[in-house]
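> no sequence for this one, just the structure:
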């Protein structure tokens, strides 16, 4: 289950982006009521074998052999797609499934979007996830109004969620994102409340940081949890990372990355690189995979980028995509692993196999997705609007794309 930055509930952390803003909000319905009552219909749809609209992104991932959120959650219930009937019959959740859409359970796994407090303005992000980008978009006329206030600005609602978590039996995993989690006040508040309740002894905390800041006080709280999953957001170890993750600079990213890796190794935390490959970076991400391979750190791009449409990797013309595919396939050939499909991508024992598997999904995507190069003028127009405010130029960072962008109106 998920609560997004504006306080709206979602039935899944991977729900397609255009399905995320329902009327169900922490301001008008409790987490218990939403999960046990509102989600009844969704659960029944799934039991009937139907695919709700929000499932579109998982369906796309599975088409390209990328491990989807659906597969990850099934694994937590002991169900594997390749042995579906057998593993379903042995699942400890079978009795619960047999009740249909009704349940008296509460989620064991949450994604908690804390709000859009963020010091970054990534070109592929949205105003709902970045306060800095929201301010910029309003200034240059891309949006007319700022997004709704963060639900975590309301201490009553924060306490409401904390109370629901504490009262829920068998909470296993809580994943926090922002904005930037480390500069969001509610992150520290919630961690302190969970420690006070004793949930730190049983629950695993996951969070994602853009590697722009370091907070000793938050690190100290995290060390008190029985498990921590650290997500480090980076697109490339080349200078193009500065453009797409403006205004965060690569030297700062690398410095903080090393600090996080050191503290993670000290406390046996699970680490992952979190990437969002776009048309600008899909050809410049091998450095991240190479580093991850040598340091046994998984790489997880949570889904294939859907919006903004103009930044999808499929916007690159076929000849550009083919060159990138050749480079990715050459890297894969040089890093042989077993052929078994890795579904539990949080198992450090198969990190290298997972890395190759994730990269292969982008090879499959670039080969099979429809040509969307007709969106290039939209991409150029979007970048030019940002650059007029930021004073930079994409051709400084990607000179090999200068002819392509110029042809599209740059």
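Happy to help now that I have it. Not measured: the values here are computed from a predicted model.
> count of neighbours near the residue nearest to residue 213 when sequence neighbours are not counted?
In this structure, residue 213 finds its nearest non-sequential neighbour in residue 182, 5.1 Å apart by C-beta to C-beta, 6 or more residues apart in numbering. Quick note: C-beta positions are derived from backbone N, CA and C, even for glycine. Other residues within reach of residue 182, judged by other C-beta atoms under 10 Å, total 23.
> Name the SS class of residue 182, please.
In terms of secondary structure, residue 182 is helix; the call rests on DSSP: H, G, I helix; E, B strand; the rest coil.
> I'd assumed residue 215 was in contact with it.
Yes - under the criterion of C-beta atoms under 8 Å, residue 182 makes contact with residue 215 at 4.9 Å.
> And the pLDDT for the residue nearest to residue 213?
Residue 182 is assigned 96 on the pLDDT scale.
> Double-check that residue 272 belongs to a helix.
No - applying three-state DSSP, one finds residue 272 to be strand, outside a helix.
> can you tell me how far it sits from residue 315?
26 Å (C-beta to C-beta, to the nearest Å).
> Can you report how many residues neighbour residue 81?
Taking other C-beta under 10 Å as the criterion, the count of residues near residue 81 is 14.
> Which helix or strand contains the nearest residue to it once chain neighbours are set aside?
Distances taken as C-beta to C-beta, 6+ apart put residue 71 closest to residue 81, at 6.3 Å, once the chain neighbours are dropped. In the assignment (DSSP states H and E), residue 71 maps to helix 69-76.
> What strand or helix carries residue 139?
Per DSSP H and E, residue 139 falls inside helix 131-140.
> I'd like the mean pLDDT over that helix, please.
For helix 131-140, the per-residue pLDDT averages 96.
> Confirm that residue 123 sits in a strand.
No - according to three-state DSSP, residue 123 belongs to no strand; its state is coil.
> for it, phi and psi?
Backbone torsions for residue 123, taken as degrees, to the nearest 10, come to phi -70, psi -20.
> nearest spatial neighbour of it, skipping sequence neighbours?
Nearest one to residue 123, counting by C-beta to C-beta, 6+ apart, is residue 244 at 5.1 Å.
> Verify the stated contact: that neighbour with residue 280.
Yes - when contacts are counted by C-beta under 8 Å, residue 244 is listed as touching residue 280 (5.6 Å).
> What residues sit buried inside the helix holding residue 139?
Within helix 131-140, the residues that qualify as buried are 131, 132, 133, 134, 136, 137, counting by 16 or more other C-beta atoms under 10 Å.
> cool, and stretch 157-177?
Using 16+ other C-beta under 10 Å as the test for burial, stretch 157-177 gives 157-158, 160-162, 164-165, 168, 171, 173-177.
> Show me where the stretch 1-150 of the chain dips below the pLDDT cut-off.
Within the stretch 1-150 of the chain, the segments meeting pLDDT under 70 span 16-22.
> where along it do the helices fall?
31-33, 40-47, 56-63, 69-76, 84-90, 94-97, 131-140 (DSSP state H, counting those that start in this stretch).
> which one of these lies closest to residue 226?
helix 69-76 (17.1 Å; C-beta to C-beta).
> Next, name the residue at the spatial heart of the protein.
residue 302 (4.6 Å; C-alpha atoms, centre = their mean).
> sorry, back to before: higher neighbour count, residue 272 and residue 315?
residue 315 (25 against 22).
> can you list contacts of stretch 366-378?
For stretch 366-378, contacts defined as C-beta atoms under 8 Å, 6 or more residues apart in numbering pick out 63-64, 282, 309-310, 312-318, 321, 324-325, 328, 404-405, 407-409.
> wait, stretch 34-42
1, 9, 11, 24, 29, 52, 101-107.
> Measure how far that stretch is from the centre of its chain, please.
24 Å (C-alpha atoms, centre = their mean, to the nearest Å).
> Residue 48: how many residues sit nearby?
Neighbour count for residue 48, taken as other C-beta under 10 Å: 9.
> meant to ask about residue 37
Residues lying near residue 37 (other C-beta under 10 Å) number 15.
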